[in-house]
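K.L.:
no sequence on this one, just coordinates:
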C-alpha cells in the first residue's frame, strides 16, 4: 500500500536505523518506510510493538487474548509466529511495561516478563522469559515472583536485560538496578555498595554502559550533598559512575519520599542520552539561576543577545481582610512580537492552598486570585514573571497584606492594637508621628 494516510494514530516506534516507523493507528498496524513511502501491514493490531534495527521484525504484545499475547512478524516475507499459543495458565504479574516484548537489533532474540505458563511449567508469579528466533525456543531466565519490574531494557545483541527490581505496589523496600544475563540466567546488582534506591537501569545498545538514577552521592567529582534524584552513567568495564544531571537550589524529589524514573534514551555507545525535563510541580523546585524564580512545568529557551524583555503590568488590591479575595490582573507584552508566558508564585509557598493563577495564553494575560484565612494574616510576596521565547524575562514582586483589621491613624484604639499585632504596613498607617517606627510615641 503506497502513500497511506493514517488517522487516529495511537503510538509510533522508530527502528534503530531511522528508516522505518512502526505505527498503531485506528484501523491498521505495521511499518511505514520513510524513504519509499510504502506501508507494510501487520496481520493484527498489537497494543505495543518493538522493532529490530532494520524495521523488518516486529515484536507485538496484545493485552486481552492469551493465545495472541506475544507474536513475532517478518514484515518482509509475511511470516507470523504466535509465541504464546496454545493457551496456558497465567499467574498474577502486574508489571505491565515489563510484559511488553523487547527485540534485539538483528531480530533474533526477544525478552519479556510474564505470568503465562507458555509450556515452560507453572509460574508462581512473574518470570523473565527469553525467545530465540533461530532455535524457535522459549526459556525461563529468572523467577521474579511478586517483585515490581521498572525501566526494562535490552541490549542490541540480546544478551543482557536490565531493570529496576523492588517490592510491588506501595510496599517499602529496596529498589535495585539489576542486570540479567539471558543465556546463563546470572543476575548482578549494578550498585552493590549503594544503600539508596535506584529508579533507572537502562542499557546502551552495545551494553557497555548503563544509565542509573539514585538519590545517593555516586560521583564525588560532582557531588550530591542535597540528596537529589540524579542520573548517572555507569561504565561497565571500569565500574566508574559519571553524574549526568546536577539539580540545584536545595533538596528536590527525594526529600518528598522517593524519586521516579528519568526513562533516558541512550545512544548505542552510551555517550549520549536524551531525557525529559522534570515537572517541578511534581518533583520539586526548578529555579532560574538569574532571578531565583521557581517554576512548575517548563521548557528550555535560548538566551538571544539583544532581545528586548517583555513588559509587565499588574493591577488590583494588595491589602484585604481574611475571607475576602485578592484578585490581581497581570498583562504582558513584547516589543519583538513574541507571546510571553506568565508564571506566578507566593514566595516561600509556591501557590498557597485555594489560590489560582489562570493564564490566557492567547491574550496574554493572567489573573491571580486567593481567599486567605485568618491563619494567613501577615505580609506575603507575590512574584509574577513574564518570559518570552528568546530568553527575555521580566519579574515583579507585589507585597500582599492579609489584615486582621484595618488601622485608622486617627483612632488611638486601633493604633494601640496595631502596635501589638505587628500588622503589615499595607493594612493602614499606624505610624502617627511619622518617625518610621511603631512605638508608644504614636499614642501621644
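P.N.:
Noted; the coordinates are in hand. The structure presented is a predicted model; accordingly, all values stated were derived computationally and were not measured.
K.L.:
dump the residue contacts of residue 246.
P.N.:
222, 230 (Cβ atoms under 8 Å, 6 or more residues apart in numbering). For glycine as for every other residue, the C-beta is placed from the backbone atoms N, C-alpha and C.
K.L.:
before we move on, which element is it in?
P.N.:
Of the helices and strands defined by DSSP states H and E, none includes residue 246.
K.L.:
and it, what pLDDT?
P.N.:
What the model reports for residue 246 is a pLDDT of 84.
K.L.:
And it, how close does it get to residue 235?
P.N.:
Taking Cβ to Cβ, to the nearest Å as the criterion, residue 246 is separated from residue 235 by 19 Å.
K.L.:
got it, and residue 180?
P.N.:
19 Å.
K.L.:
number of nearby residues for the residue lying closest to residue 339 once chain neighbours are set aside?
P.N.:
The spatially closest residue to residue 339, leaving aside those adjacent along the chain, is residue 364, at 5.6 Å (Cβ to Cβ, 6 or more residues apart in numbering). Applying other Cβ atoms under 10 Å, we find 19 residues neighbouring residue 364.
K.L.:
Quick check: pLDDT value at residue 364.
P.N.:
At residue 364, the pLDDT recorded in the model is 86.
K.L.:
That one contacts residue 338, correct?
P.N.:
No: in this structure residue 364 lies outside contact range of residue 338 using Cβ atoms under 8 Å: 10.0 Å.
K.L.:
contact partners of stretch 131-140?
P.N.:
57, 70, 72, 81, 83, 101, 107-111, 118-121, 127-130, 185.
K.L.:
And it, end to end?
P.N.:
Using Cα to Cα, to the nearest Å, one end of stretch 131-140 lies 9 Å from the other.
K.L.:
and it, what's its mean pLDDT?
P.N.:
96.
K.L.:
so where's the stretch 101-250 of the chain uncertain?
P.N.:
168-172, 248-250 (pLDDT under 70).
K.L.:
ranges for the strands of it?
P.N.:
102-103, 109-114, 126-132, 137-145, 148-154, 160-166, 176-181, 187-189, 198-203, 209-214, 230-235, 241-243 (DSSP state E, counting those that start in this stretch).
K.L.:
Rebuild these as a markdown table, extending it with distance to residue 382.
P.N.:
As requested, the strands of the stretch 101-250 of the chain are exported to a markdown table (distance: least, Cβ to Cβ, whole Å):
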| stretch | distance to residue 382 |
| --- | --- |
| strand 102-103 | 49 |
| strand 109-114 | 49 |
| strand 126-132 | 50 |
| strand 137-145 | 51 |
| strand 148-154 | 39 |
| strand 160-166 | 41 |
| strand 176-181 | 43 |
| strand 187-189 | 48 |
| strand 198-203 | 35 |
| strand 209-214 | 35 |
| strand 230-235 | 32 |
| strand 241-243 | 36 |
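K.L.:
Specify the stretch among those strands that is closest to residue 61.
P.N.:
strand 109-114 (7.5 Å; Cβ to Cβ).
K.L.:
From what I see, residue 62 and residue 82 are in contact.
P.N.:
No: with contact defined as Cβ under 8 Å, residue 62 does not reach residue 82; the gap is 10.2 Å.
K.L.:
Overlap of the contact sets of the two?
P.N.:
With Cβ under 8 Å, 6+ apart, residue 62 and residue 82 have common neighbours 68, 71.
K.L.:
Between these two, which has more neighbouring residues?
P.N.:
residue 62 (17 against 14).
K.L.:
so what's the more buried one up against?
P.N.:
Taking Cβ under 8 Å, 6+ apart as the test, what residue 62 contacts is 44, 46, 47, 68, 69, 71.
K.L.:
wait, isn't residue 22 in contact with residue 51?
P.N.:
Yes: if you go by Cβ under 8 Å, residue 22 and residue 51 touch, sitting 4.9 Å apart.
K.L.:
Return the set of buried residues in stretch 179-189.
P.N.:
By neighbour count with 16 or more other Cβ atoms under 10 Å, stretch 179-189 contains the buried residues 179, 180, 182.
K.L.:
Now the second one: closest residue in space, sequence neighbours ignored.
P.N.:
Pointing back at residue 180 there. Closest residue in space to residue 180, ignoring its immediate chain neighbours: residue 161 at 4.5 Å, by Cβ to Cβ, 6+ apart.
K.L.:
May I see the domains of the chain written out as residue ranges?
P.N.:
Split into domains by automatic domain parsing, the chain comes to 11-276, 294-402, 412-443.
K.L.:
Looks like residue 162 contacts residue 179 (just checking).
P.N.:
Yes: Residue 162 lies in contact with residue 179 (Cβ under 8 Å); the separation is 5.1 Å.
K.L.:
Spit out the residues that contact these two alike.
P.N.:
190, 201, 203, 210.
K.L.:
Tell me which two of these sit farthest apart.
P.N.:
Checking the shared contacts of residue 162 and residue 179 with Cβ to Cβ, the most distant pair is 190 and 203, at 10.2 Å.
K.L.:
what sits in contact with each of these two?
P.N.:
With Cβ under 8 Å, 6+ apart, residue 190 and residue 203 have common neighbours 162, 179, 210.
K.L.:
Helices of the stretch 151-300 of the chain, start to end?
P.N.:
280-283 (DSSP state H, counting those that start in this stretch).
K.L.:
picking that back up, tell me which of the strands of the stretch 101-250 of the chain lies nearest to residue 342.
P.N.:
Once the strands of the stretch 101-250 of the chain are compared by Cβ to Cβ, strand 230-235 is nearest, at 30.5 Å.
K.L.:
Show me how far that closest one is from its chain's centre.
P.N.:
Offset of strand 230-235 from its chain centre (Cα atoms, centre = their mean, to the nearest Å): 17 Å.
K.L.:
Which positions in that strand come out as buried?
P.N.:
230, 231, 232, 233, 234.
K.L.:
Let me see the contact set for the third one.
P.N.:
Residue 232 makes contact with 211, 212, 213, 214, 218, 219, 241, 242, 243, 244, according to Cβ under 8 Å, 6+ apart.
K.L.:
Name only those of these that count as buried.
P.N.:
Applying 16+ other Cβ under 10 Å to those flags 211, 212, 213, 214, 218, 219, 241, 243, 244 as buried.
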